[in-house]
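J.: just need the structure, nothing else, for what follows:
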Amino acid sequence: MRLSPALLFACLNLTSGPVSALSLNTLCLETKLSVLIKNFQGRVGICVSDGRSGVQVHGNQRFPMYSVFKLAVAVAVLDGVDKGRLHLDDVVTVQQKDLGIGVQPLATLVGSNGSKTTTRDLLFRMIVDSDGAATNVLVGKAGGPRGVQSVFDAKKLKGFKIDRDERELDASQRHDTATPIALANLLQWLANGQLLSRGSSALLLEAMTKTRASPDRLRPGLPNGWLVAHNTGSSSTRRGVTSATNDVGILIAPDASSFVVVVLIADSKASDHDRGALIANVAQAVGECSQ
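T.: Got it, this is the predicted structure:
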């Protein structure tokens, strides 16, 4: 089943639509999560909510976001669109100085004279392709890391610490951080239509349903017929330790019931496969514990 952006937002908008038919069996999920994380090599933070009740593991601990930071940038940019400071069709020139490290497919289009595009295109590249160059440009449009943080402060989104852009994430031992509960609140407010305008909410959710990065995480754990709108984050591995393996999103059942799922893994010696499998197993457990 594929929903249009407008219909997807209507299904998720719990404040004006029907109450979800499915709800979370928290005891079931707590039991399954305790088994999943037992003896896991790494620090794990989880928060799952159906909008009324939820389950958390280390929900108030801080974790490095890495590319989950892109979700924060998207919110700040779209807040600027909602307030009229920015426009999705604004023409933007991406220049060599905007390029950084990591994944940035946009770099192949940037010649000596730069490459012209739009704010809308950059936002989709940032979320769908996890493009670092697009992120760097949009962070600038949002007023830098401090500008992103100020939007979150104004919206009373607590638990976020945003102080650097994409180019600095692997250059320092300090990173943009958030708690699992903070990210779950952001996603719940987005789903409820409390974070951004209707149009901006639908646009961001559309981009999140098309995310291509790290397909081995939440998506493989989805029950048949379920959808996910999500954003991933990954660090490099140094000396056998991976600083961050993240996936945060909204799982949507065929009856339009929705569940916010945040899984953050830090300082892990587990293999790439085992880290991805843990996140997929959390998604599977949410499906099994929904009734």
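J.: could you give the mean pLDDT of stretch 83-103?
T.: Across stretch 83-103, the average pLDDT comes to 91.
J.: shift numbering so it begins at 52
T.: Noted, 52 is the first residue going forward, which turns the last one into stretch 134-154.
J.: hmm, who's touching it?
T.: 128, 131-132, 157-158, 160-161, 163, 165-171, 173-174, 180-185, 187-188, 191-192, 216-218, 220-222, 254, 264 (C-beta atoms under 8 Å, 6 or more residues apart in numbering). Glycine gets a C-beta too; all of them are placed from N, C-alpha and C.
J.: which parts of it are buried?
T.: 137, 139, 143, 145, 149, 150, 151, 153, 154 (16 or more other C-beta atoms under 10 Å).
J.: between the two ends of it, how far is it?
T.: 30 Å (C-alpha to C-alpha, to the nearest Å).
J.: give the next helix or strand downstream of the helix or strand containing residue 252.
T.: Using DSSP states H and E, residue 252 sits in helix 249-260. Next in sequence after helix 249-260, counting helices and strands by DSSP H and E, comes strand 278-285.
J.: outside of the helix or strand containing residue 86 itself, list whatever touches it.
T.: Assigned by DSSP H and E, residue 86 belongs to helix 77-88. Contact with helix 77-88 is made by 95, 97, 99, 104-106, 108, 329, 332-333, 336-337, 339-340, as judged by C-beta under 8 Å, 6+ apart.
J.: do stretch 124-131 as well
T.: Residues contacting stretch 124-131 (C-beta under 8 Å, 6+ apart): 137, 170, 174, 177-178, 186, 189-190, 192-194, 198-199, 202-203, 206, 237, 241, 246-248, 251, 254-255, 258.
J.: list buried residues within those.
T.: Counted by 16+ other C-beta under 10 Å, these give 137, 170, 174, 177-178, 186, 189-190, 192-194, 198-199, 202-203, 206, 237, 241, 246-247, 251, 254-255, 258 as buried.
J.: which parts of the stretch 202-342 of the chain are strands?
T.: 211-212, 228-229, 278-285, 288-289, 292-303, 309-319 (DSSP state E, counting those that start in this stretch).
J.: let's have those strands in CSV, adding mean pLDDT.
T.: Listed next are the strands of the stretch 202-342 of the chain as CSV, based on pLDDT from 0 to 100:
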stretch, mean pLDDT
strand 211-212, 95
strand 228-229, 96
strand 278-285, 97
strand 288-289, 94
strand 292-303, 97
strand 309-319, 97
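J.: these into JSON lines, with extra columns for mean neighbour count and distance to residue 76?
T.: Conversion of these to JSON lines gives the following (neighbours: other C-beta atoms under 10 Å; distance: least, C-beta to C-beta, whole Å):
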{"stretch": "strand 211-212", "mean neighbour count": "19", "distance to residue 76": "30"}
{"stretch": "strand 228-229", "mean neighbour count": "25", "distance to residue 76": "27"}
{"stretch": "strand 278-285", "mean neighbour count": "25", "distance to residue 76": "20"}
{"stretch": "strand 288-289", "mean neighbour count": "12", "distance to residue 76": "36"}
{"stretch": "strand 292-303", "mean neighbour count": "24", "distance to residue 76": "15"}
{"stretch": "strand 309-319", "mean neighbour count": "26", "distance to residue 76": "12"}
